[in-house]
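> predicted model, plus sequence, below.
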Amino acid sequence: QVQLQESGPGLVKPSQMLSLTCTVSGGSITTSYYAWSWIRQPPGKGLEWMGAIAYDGSTYYSPSLKSRTSISRDTSKNQFSLQLSSVTPEDTAVYYCATGDGGALNYWGQGTQVTVSS
């Protein structure tokens with residue numbers, strides 16, 4: 001059973017960079033055909049897929065966030081990370097990491113609240 005756990009600061013100041021890490025257990029981030037995604041849910045809104053890094057290291061981003069988003073991985077630690085630059089209060093959300101085979105999102109972390117505020 002794959003398990004994911006998000007970690008990172010809960011409070012980020014406007015204009016700064018938001019950085020989160022997802023630690024994976026019970027499976028490898030290099031497992032063929034798995035993609036490892038970041039998804040967020042602002043208060044009162046629906047889920048928004050932000051981007052993903054695939055098992056081979058390829059990255060994919062939401063067009064609306066591509067200019068501010070970077071997803072990377074550390075295979076030695078079995079972790080993948082999100083960086084979102086130039087944040088504003090509109091980036092306040094619960095951030096989730098998730099994964100699945102062939103584009104599915106079968107496994108999710110519990111989510112972590114990130115608030116953008118001065």
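Structure received. Nothing here was measured: the structure is a model prediction, and the numbers come from that model. Residues are numbered from 1 along each chain as shown.

> for the rest of this, base every contact and every neighbour count on C-alpha atoms.
Will do.

> does residue 114 belong to a helix or a strand, and which?
Assessed by DSSP states H and E, residue 114 sits inside strand 112-116.

> direction included, what does that strand pair against?
strand 11-12 (parallel), strand 93-101 (antiparallel) (DSSP bridges).

> who touches that strand?
Applying C-alpha atoms under 8 Å, 6 or more residues apart in numbering, the contact partners of strand 112-116 are 6-14, 87-96.

> run a quick neighbour tally on residue 7.
By the measure other C-alpha atoms under 10 Å, the count of residues near residue 7 is 17.

> next one: residue 81
When neighbours are counted by other C-alpha under 10 Å, residue 81 registers 23.

> can you pull out the strands in the chain?
For the chain, applying DSSP state E gives strands covering 3-7, 11-12, 18-25, 34-41, 48-54, 59-61, 69-74, 79-84, 93-101, 107-108, 112-116.

> what sits against residue 27?
Contacts of residue 27 were listed using C-alpha under 8 Å, 6+ apart, and they are 1, 2, 3.

> can you give me the distance of residue 100 to residue 52?
In this view, residue 100 and residue 52 are 11 Å apart by C-alpha to C-alpha, to the nearest Å.

> which residue comes closest to residue 34 once chain neighbours are left out?
Among residues not flanking residue 34 along the chain, residue 101 sits closest, at 4.6 Å (C-alpha to C-alpha, 6 or more residues apart in numbering).

> next one: residue 86
residue 15 is the one closest to residue 86 (C-alpha to C-alpha, 6+ apart), at 4.1 Å.

> what's across from residue 41 in the sheet?
Beta bridges link residue 41 to residue 94 when assigned by DSSP bridges.

> dump the strands paired with strand 112-116 to TSV, plus mean pLDDT and mean neighbour count.
Converted to TSV, the strands paired with strand 112-116 look like this (pLDDT from 0 to 100; neighbours: other C-alpha atoms under 10 Å):
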stretch	mean pLDDT	mean neighbour count
strand 11-12	98	17
strand 93-101	96	23
